Every structure is written in structure tokens, then in C-alpha cells.
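Asker: Predicted model, plus sequence, below.
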Amino acid sequence: MKYYRESVTSLSFEFLKELKKEFRFVLIGGWAVWLYTKQLKSKDIDIVVDLSELAKLKGKYAFSKNERLKKYEFRRGEVQVDVYSVYYSDIGMKAEEIIKNCHVIEGLRVPKIEVLVALKAVAFMNRKGSAKGRKDFLDLVSLLGVADKNLSKYLKDDVLSELVEEIKLTTKIPELSLNNHQVAREKKKWLSNLGR
């Protein structure tokens, strides 16, 4: 299934593999979701690093600092890399906590599923109504479809309520090739994994 152009997602994934060979990081965002779900690929790369890796990355790439979003950014062609650092970034959870709560999938360090759901839910709340917010929602339902536990305790009450409401209002999801009947069936699992 495609959400972004294949040419862009291929470039992004190839760059991700290059970064993995040289730097130590925790992969978050759309690519981390894809590793769990194999649903929608990403065009951007989002990583969490400690201070030593941040220094190594800064030594190789031309960074800019995004004070408002508390992250660093750099680009290679069409691929944007967002870098979240310990002691600076807080994306619904401190970077230090993300680093402590991860494991390896296909050779890449990613947050445990409950941490990734919490991060994606915060992103969804912040970007709801935009194209990126829609991708966040698609990533969330994809994760809820593969989760095997109640994830509600990892979400703030307002975030949980908003996500549950959005799921209840959803009738079909063409981006994931889910028609009305399939969504109705999947909703039970999604809501169950949210304790509803």
C-alpha cells in the first residue's frame, strides 16, 4: 500500500540503512510503524539520539535547530531527517524514556509498541486535520491492528478520548484498503486494544 511516492520512500529507506551503519539511534515515526505493521512506508526519518550520537551527526550533516518543536533537522535531497535529542526534546515523552524502552526489529532499534502508540497518538493530536495528521491516524490503527494488549494506560485521557472518537467515526480507510465491512470488523480489535 502506498501513501507517498515510491521513489521518495525508496530514497528514504536507503538513507535510513546508511544512517544505521554509522550511527546509533532509536527509530520512531512512520518507519518504526512500518517495521511493526508493513503497512504504509514513510518519506521522512525520525530518530532519537543521545548526546554523543548527536555530536557525530552534527559533524557530518548541516543541521538546523527547530526551537519550537525542540528538535534538530537536516535534509538529503527529498528526505528530511528529524533528530530528537536527550535533555532537549520532549515529543509526548522525554527522549531519555524512549531510549530506555526499545527493542530491535530487523536490525533497527525501535520503541516498544506501547511507547510508539503513545508517541503517534500525541503526533496525531497535534496534527489532526492535516495530511500528516491523517498519516498519524493510519499509523495508529495499523499499530492497534497488530498490538496484543490494552494500550490505554499509556495514553493521556484526552488523547485516548480523541482517538477513540476518531475510530468510532471512521467507516472506511481506502489508504489501507479497508472497506466499510472490514473497518467495522477491525474496529473491535482497535477499540479493545484501547480498553473500550
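Answerer: Good, I have the coordinates.
Asker: List the contacts of K71.
Answerer: The neighbourhood of K71, defined by CB atoms under 8 Å, 6 or more residues apart in numbering, consists of 65, 82-85, 89, 91. In this view, the C-beta of every residue, glycine as well, is placed from N, C-alpha and C.
Asker: In this protein, mark out all the strands, start to finish.
Answerer: 26-28, 45-49, 64-66, 71-76, 79-85, 102-105, 108-111 (DSSP state E).
Asker: Centre of the chain to the longest one, how far?
Answerer: Yep, that's strand 79-85 we're talking about. 12 Å (CA atoms, centre = their mean, to the nearest Å).
Asker: With only the CA atoms kept, save that strand in CSV.
Answerer: Coordinates of each C-alpha in strand 79-85 appear next as CSV, following Å, rounded to 0.1, in the frame of the first residue of the first chain:
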residue,chain,number,x,y,z
VAL,A,79,14.4,13.1,2.6
GLN,A,80,14.1,15.1,5.8
VAL,A,81,15.6,13.7,9.0
ASP,A,82,14.2,14.9,12.3
VAL,A,83,16.6,14.3,15.2
TYR,A,84,15.3,14.3,18.8
SER,A,85,17.9,14.5,21.5
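Asker: now the helices for this structure?
Answerer: For the chain, the helices defined by DSSP state H occupy 6-22, 29-37, 51-60, 95-100, 113-127, 131-146, 157-169, 180-192.
Asker: Can you give me the buried ones in the least confident helix or strand in the chain by mean pLDDT?
Answerer: Lowest on mean pLDDT, DSSP states H and E among the helices and strands of the chain sits helix 6-22, with a mean of 91. Neighbour-count burial for helix 6-22 flags 8-9, 11-13, 15-16, 19-20 (criterion: 16 or more other CB atoms under 10 Å).
Asker: Please look at G195 and Y154 and confirm they touch.
Answerer: No. Applying CB atoms under 8 Å as the test, G195 and Y154 come out as separate, 10.4 Å apart.
Asker: which of those two has more neighbours?
Answerer: More neighbours surround Y154 than the other of G195 and Y154, with 19 against 13 (other CB atoms under 10 Å).
Asker: can you count the residues close to E165?
Answerer: 10.
Asker: Next: T37.
Answerer: Neighbours of T37 (other CB under 10 Å): 19.
Asker: low-scoring pLDDT stretches of this structure, where are they?
Answerer: 1-5 (pLDDT under 70).
Asker: Ignoring the adjacent residues along the chain, who's closest to the residue nearest to the spatial centre of the chain?
Answerer: Geometric centre of the chain, nearest residue: G29, 2.2 Å, by CA atoms, centre = their mean. Sequence neighbours aside, D46 is the residue nearest to G29 in space, at 3.2 Å (criterion: CB to CB, 6 or more residues apart in numbering).
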